[in-house]
Each structure stands twice: as structure tokens, then as C-alpha cells.
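1. Provided below are the primary sequence and the corresponding predicted coordinates.
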Amino acid sequence: MKTRVAIIGSGPSGLLLGHLLRAAGIDCVIVERQSPDYVLGRIRAGVLETVTTGLMEQLGIDAGLKAKGLLEEGFNLADGERLIRIEITRLTGKHVVVYGQTEVTRDLMDAAPERGLQIVYEAKEVALHDLESDRPSVTYLKDGVEHRIEADFIAGCDGFHGPSRKAIPGAQAREFEREYPFGWLGILADVPPCHPELIYANGARGFALASMRSTTRSRYYIQVPLTDTLDQWPAARLWDELAERFDPISEHGVTGGPALEVSIAPLRSYVFETMRHGRLFLAGDAAHIVPPTGAKGLNLAASDVAYLSDALIAHYRHGDDAALAGYEAKALARIWKAERFSWYLTKLMHRFPEDGRFEHRMQQAELDYVASSEAMQRVIAENYVGLPL
Ligand code: FAD
Ligand code: DHB
């Protein structure tokens with residue numbers, strides 16, 4: 001098979017890129033290792049910046065977002081029993097939208113056939129070839145048969161564990177990493193949220209987040225040691241823990257109920273600066289990971305593909321390769337700022353096992369400063385709603 005852009009991975013970055021290219025009349029094919037149900041079963045991000053909602057709108061795939069997205073004009077940082085409200089709309093003129101990554105992915109997947117976006121699911125042993133030539137290709141096995149896609153460009157949108165980043169020679173890798181000594185245990189349940197807005201809480205028992213997917217579906221997370229496993233956390237224990245954290249500070253208190261999903265995710269900061277190698281371009285989690293505290297992962301994937309699709313469109317429409325040449329530098333400038341904010345909020349809101357009483361006082365002093373300073377609140381709000389493209 002021949003196409004212009006071969007896209008590896010049908011997460012948010014691959015799907016958005018595919019749709020943006022198709023909307024500009026550029027042929028592309030997505031190859032995805034998993035089945036559609038598996039892709040939709042992953043419960044991940046929940047907060048969308050304007051860059052992400054703007055792309056969905058531009059594509060005209062925003063009916064679900066408009067009908068079900070919850071517009072958020074503020075969120076809260078909790079310091080013990082005090083809620084510090086960050087009034088994002090008053091401070092920045094912008095808002096964020098609560099609409100799950102699962103829903104974004106489903107909307108993009110559902111719109112693919114009518115827009116001629118071909119997705120090959122359950123493609124095994126995906127491999128990249130001849131990246132430094134002008135005819136790179138992707139091979140994969142489907143139902144035991146080997147297929148090859150010849151393309152002008154390959155977009156590596158295959159997440160942190162995919163083959164694209166690994167296809168770049170180690171000698172060229174510029175890699176930065178920080179692992180955190182804890183993970184987030186998350187639960188999704190059809191119960192009303194405890195509070196009308198998100199609460200990021202730093203408490204004596206560690207970090208906790210109260211989020212939601214709708215007025216009837218809640219998403220909560222708590223900080224757990226990396227050694228904890230799901231069988232140590234039966235739903236009853238988790239609901240008790242959440243009630244302990246949020247009952248004193250939330251408007252309605254925590255309502256428990258059967259879990260739709262429970263999972264533990266490790267926290268990491270990671271940047272692979274080599275986002276271009278020959279005809280391969282990386283986007284999204286394939287090139288960078290942020291700890292989820294700033295809700296930036298999915299939104300960074302969206303800004304990467306906004307830059308990359310513009311650059312590919314300039315190449316095909318005008319034969320202009322300046323934006324392709326500048327993609328890495330442009331994307332990294334935004335990525336590092338989002339890395340900084342995610343790292344900052346993670347440091348501010350979690351209990352680190354290596355920290356002592358002094359570091360804890362530093363967190364309290366900083367939260368006190370945030371509570372008393374509109375300038376600090378504006379800095380947090382500006383980063384939370386997302387820096388401009
Ligand atoms: P992905 O969503 O990872 O998509 C990559 C796709 O590539 C997948 O569909 C995968 O199956 C496919 N793929 C992988 N290997 C291959 C292969 N060999 N061949 C073909 N296809 C392949 N962000 C937040 O903002 N808030 C959160 O709460 C949050 N929670 C998260 C929890 C977890 C467990 C993880 C892993 C991430 C979380 N994130 C969160 C981050 C956010 O979900 C990601 O930033 C976002 O999914 C990035 O999108 P992506 O398309 O770049 O990568
Ligand atoms: C959610 C996840 C986040 O990482 C975050 O910062 C806010 C909300 C969520 O899943 O709802």
C-alpha cells in the first residue's frame with residue numbers, strides 16, 4: 001500500500017493528526033496495535049484546554065463535546081481543610097472543558113469512516129524502515145499476513161511504549177527523565193461528584209484529586225506508594241479514604257458506588273527532544289510524558305499535532321518545508337513549559353517520602369502565598385488553561 005503519511009497509533013494524537021490531514025485532502029493511514037474496544041477501554045485524561053477543544057471544533061467533530069462537555073471556570077487547590085479557588089476564567093478570560101479522553105477518542109473513531117480516514121486495528125509487529133531515505137515504510141502483521149505501507153512521512157503517535165521513538169538511533173537521542181516515588185490510584189464510578197469543581201488536595205495522607213466526567217459520573221485519584229497493588233485497594237477501602245479526604249472540604253461529600261474502572265498509574269516526567277529523525281516525526285506521549293497533576297498529557301498531544309499537521313499541509317500545498325524543519329523546536333518550547341508546570345504542581349501537592357518537616361513547611365508556605373496573591377493565582381490559572389500555541 002502507498003500513502004502520504006503513515007501514522008502509528010490511534011490514541012488522541014494519531015486520530016487528531018489523521019483527521020487534520022484528511023480535512024486538508026492529504027492521504028494517510030493509521031496502524032494501531034490494539035482493537036477498537038481496547039483503545040476505548042483505557043480511562044485516562046479528563047480536562048481539555050482550548051487548543052484541544054479548538055481542534056475538535058475546527059474538524060466539526062464537536063457535537064459530543066458541546067452536548068456533554070462541562071465548562072469549568074475555576075478549580076481548587078486544597079491545603080488541609082482550606083480550599084483555594086483558582087478563578088481561571090476571571091483571571092485569564094479562558095476556561096477548560098471536562099470531557100473524557102475516552103469520549104474524545106470515541107468521537108474521532110466514529111467520524112473516521114465518513115471522512116475516509118483508514119485505521120488498521122490489531123496490527124502486530126509494527127516496524128519502521130528507511131527513515132533516512134525519501135521512501136520510508138511501515139510493516140505490520142495482520143491476521144498472520146505481512147503488509148507494507150510506503151509513505152512520504154511517518155508520524156510516531158504510538159505512546160510511551162511504542163516502536164517509533166525506539167527506531168531513532170541512540171546516538172541521536174536527547175533524553176530527560178524524572179521518575180516520582182509514587183503513583184495515582186484512580187476510580188471511575190457512576191456517582192455524583194462531591195464538589196461542583198475539581199479539587200487537587202494536599203493532605204496529611206498525601207495527594208488526592210476529585211474530578212468528574214459528568215454530573216452523574218465521578219473520577220477520583222489518590223497518591224499511593226509504587227509498591228501498592230490493586231488487591232490492596234478494595235472499593236470499600238478506597239471510598240473510605242476518599243471520604244476522609246474530601247468530606248470535610250467538599251460541598252456534597254463523597255458518594256460511593258460500584259467501580260466502573262480502577263487502575264494505578266506511575267508518575268513520570270520525560271522528554272525525548274529528538275522529535276524528528278529523517279522522515280519520522282514524533283508526537284504526543286511517544287516523545288514526552290508529564291505527571292498528570294497539571295492535566296497536560298492529552299493537551300500536549302493535541303498541540304504537537306496542531307504544529308505537525310500545519311507543517312505537513314505547508315509541505316503538500318506550497319512545497320514549503322520550513323515548518324517541518326522547525327517542528328521540533330516549536331513543539332519543544334511548549335512541551336518544556338508544560339513539563340515545568342506539571343512538575344511544579346506535582347511537587348507542591350504530593351507528599352514525597354524523602355521530604356522532611358522543612359519541605360512540608362515550604363509547601364504550606366507556598367500554598368499560603370498562592371491563597372493570598374492574585375499574581376500567583378494568575379500564573380497557575382494561565383498555565384492550567386494552557387499556554388497559547
Ligand atoms: P496514547 O494515548 O498512549 O496512544 C498511543 C497509541 O499507540 C495507543 O492506542 C497504542 O495502543 C498504540 N500503540 C502502541 N504501541 C503500538 C505499536 N507497536 N503499534 C501500533 N500501535 C501502537 N493525562 C492527563 O492529562 N490526565 C490523566 O489523568 C492521565 N492519566 C493517564 C493514565 C495512564 C495509565 C496513561 C498511560 C496516561 C495518562 N495520561 C493522563 C496521559 C494522557 O492519557 C496521554 O498524554 C495521551 O493519551 C497521549 O496521547 P497519545 O495519542 O500521544 O498516546
Ligand atoms: C483528571 C485527570 C487529571 O490528571 C487531572 O489533572 C484532572 C482531571 C481526570 O481524569 O478527570
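-> The structure has been received and is ready for your questions. Ligands and ions are numbered 1, 2, ... in the order given.
2. contacts, neighbours, all on C-alpha from now
-> Noted.
3. Residue 208 should be in a strand, yeah?
-> Yes. With DSSP: H, G, I helix; E, B strand; the rest coil as the criterion, residue 208 is located in a strand.
4. so what's it up against?
-> Contacts were defined as CA atoms under 8 Å, 6 or more residues apart in numbering; by that measure residue 208 touches 200, 201, 202, 220, 221, 222, 223, 242, 245.
5. Name the nearest residue to it, sequence neighbours excluded.
-> Nearest residue to residue 208, sequence neighbours excluded (CA to CA, 6 or more residues apart in numbering): residue 222, at 4.2 Å.
6. related to what we said a few turns ago, export the contacts of residue 208 to a markdown table and tack on neighbour count?
-> Listed next are these as a markdown table, based on neighbours: other CA atoms under 10 Å:
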| residue | neighbour count |
| --- | --- |
| 200 | 25 |
| 201 | 27 |
| 202 | 25 |
| 220 | 24 |
| 221 | 22 |
| 222 | 23 |
| 223 | 23 |
| 242 | 22 |
| 245 | 26 |
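7. Please identify which pair of the residues you listed lies farthest apart.
-> Taking every pair in these and measuring CA to CA, the maximum separation is 13.9 Å, between 202 and 220.
8. thinking residue 70 is in contact with residue 99, fair?
-> Yes. In terms of CA atoms under 8 Å, residue 70 counts as a neighbour of residue 99; the distance is 6.7 Å.
9. quick one: common contacting residues for these two?
-> Common contacts of residue 70 and residue 99 (CA under 8 Å, 6+ apart): residue 214.
10. distance of residue 200 from ligand 1?
-> Look at residue 200 and ligand 1: by CA to the nearest ligand atom, to the nearest Å, they are 12 Å apart.
11. Over to residue 357?
-> Relative to ligand 1, and taking CA to the nearest ligand atom, residue 357 is found at 29 Å.
12. now residue 174
-> Spatial separation of residue 174 from ligand 1 under the definition CA to the nearest ligand atom is 19 Å.
13. Same question for residue 115.
-> Computed as CA to the nearest ligand atom, the residue 115 to ligand 1 distance reads 19 Å.
14. Mind splitting the protein into its structural domains?
-> Here the domain parsing of the chain from automatic domain parsing is 5-68+97-177+268-346, 180-267+349-385.
15. Which of those domains sits closest to residue 86?
-> Closest of the domains of the chain to residue 86 is domain 180-267+349-385, at 6.0 Å (criterion: CA to CA).
16. Tell me what residue 5 is bridged to.
-> Note on residue 5: beta-bridge partners residue 28, residue 153, judged by DSSP bridges.
17. and it, how many neighbours does it have?
-> In terms of burial, residue 5 registers 26 neighbours under the definition other CA atoms under 10 Å.
18. okay but it is in contact with residue 25, surely?
-> No. Here residue 5 does not reach residue 25: they are 11.7 Å apart, not a contact under CA under 8 Å.
19. how about the residues of the stretch 101-250 of the chain that lie near ligand 2?
-> Counting by CA under 6 Å from any ligand atom, the residues of the stretch 101-250 of the chain lying close to ligand 2 are 211, 212, 219.
20. which of those are buried?
-> In those, burial by neighbour count holds for 211, 212, 219, counting by 16 or more other CA atoms under 10 Å.
21. What score does residue 204 have for pLDDT?
-> As predicted, residue 204 sits at a pLDDT of 89.
22. Check residue 129 too.
-> In this model, residue 129 is scored at 98, pLDDT.
23. quick one: contacts for it?
-> When contacts are taken as CA under 8 Å, 6+ apart, residue 129 is in contact with 136, 137, 138, 139.
24. ok, the helix or strand of the chain with the lowest mean pLDDT near ligand 2 or not?
-> For the chain, scoring each helix and strand by mean pLDDT, DSSP states H and E identifies helix 36-41 as the least confident one, at a mean of 94. No. Looking at helix 36-41 against ligand 2 by CA under 6 Å from any ligand atom, there are no contacts, and the closest approach is 13.7 Å.
25. Show me where this structure has its helices.
-> 12-23, 36-41, 50-59, 63-68, 88-92, 101-111, 163-166, 235-246, 297-318, 322-349, 357-372, 374-385 (DSSP state H).
26. Residue 274 is nearest to which of those helices?
-> Put simply, out of the helices of the chain the one that sits nearest residue 274 is helix 322-349, at 7.4 Å, with distance taken as CA to CA.
27. Report the mean per-residue pLDDT for that closest one.
-> What helix 322-349 shows for mean pLDDT is 98.
28. So which bits of it are buried?
-> Neighbour counts using 16+ other CA under 10 Å place 323-324, 327-328, 330-332, 334-336, 338-339, 341-343, 345-346, 348-349 of helix 322-349 among the buried residues.
29. Out of the helices of the chain, which one sits most buried?
-> Scoring the helices of the chain by mean neighbour count under mean count of other CA atoms under 10 Å gives helix 12-23 as the most buried, with a mean of 25.
30. re the thing from before, quick one: the residues of the stretch 101-250 of the chain next to ligand 2 as JSON lines, columns for pLDDT too.
-> Putting those into JSON lines (pLDDT from 0 to 100) gives the following:
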{"residue": "211", "pLDDT": "98"}
{"residue": "212", "pLDDT": "97"}
{"residue": "219", "pLDDT": "97"}
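31. Closest one to residue 183 out of those residues, please.
-> Within those, the smallest distance to residue 183 is 15.7 Å, found for residue 219 (CA to CA).
32. Strands along the stretch 101-250 of the chain, start to end?
-> According to DSSP state E, counting those that start in this stretch, the stretch 101-250 of the chain carries its strands in the segments 118-120, 124-129, 137-142, 145-150, 153-156, 175-189, 199-203, 206-212, 218-225.
33. Can you tell me which residues in the stretch 151-300 of the chain are near ligand 1?
-> In this structure, the stretch 151-300 of the chain approaches ligand 1 at residues 157-159, 161-163, 265, 284-286, 292, 295-298, judged by CA under 6 Å from any ligand atom.
34. now, the most widely separated pair of those?
-> Across these, the two members that end up farthest from each other (CA to CA) are 163 and 295, 25.1 Å apart.
35. mind exporting the least confident helix or strand of the chain as PDB, just the C-alpha atoms?
-> As requested, C-alpha coordinates have been extracted for helix 36-41 and formatted as PDB (Å, rounded to 0.1, in the frame of the first residue of the first chain):
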ATOM      1  CA  PRO A  36     -11.100  -0.500  19.000                       C
ATOM      2  CA  ASP A  37     -12.700  -1.800  22.200                       C
ATOM      3  CA  TYR A  38      -9.300  -2.000  23.900                       C
ATOM      4  CA  VAL A  39      -8.500   1.600  22.900                       C
ATOM      5  CA  LEU A  40     -11.800   2.800  24.200                       C
ATOM      6  CA  GLY A  41     -11.400   0.900  27.500                       C
END
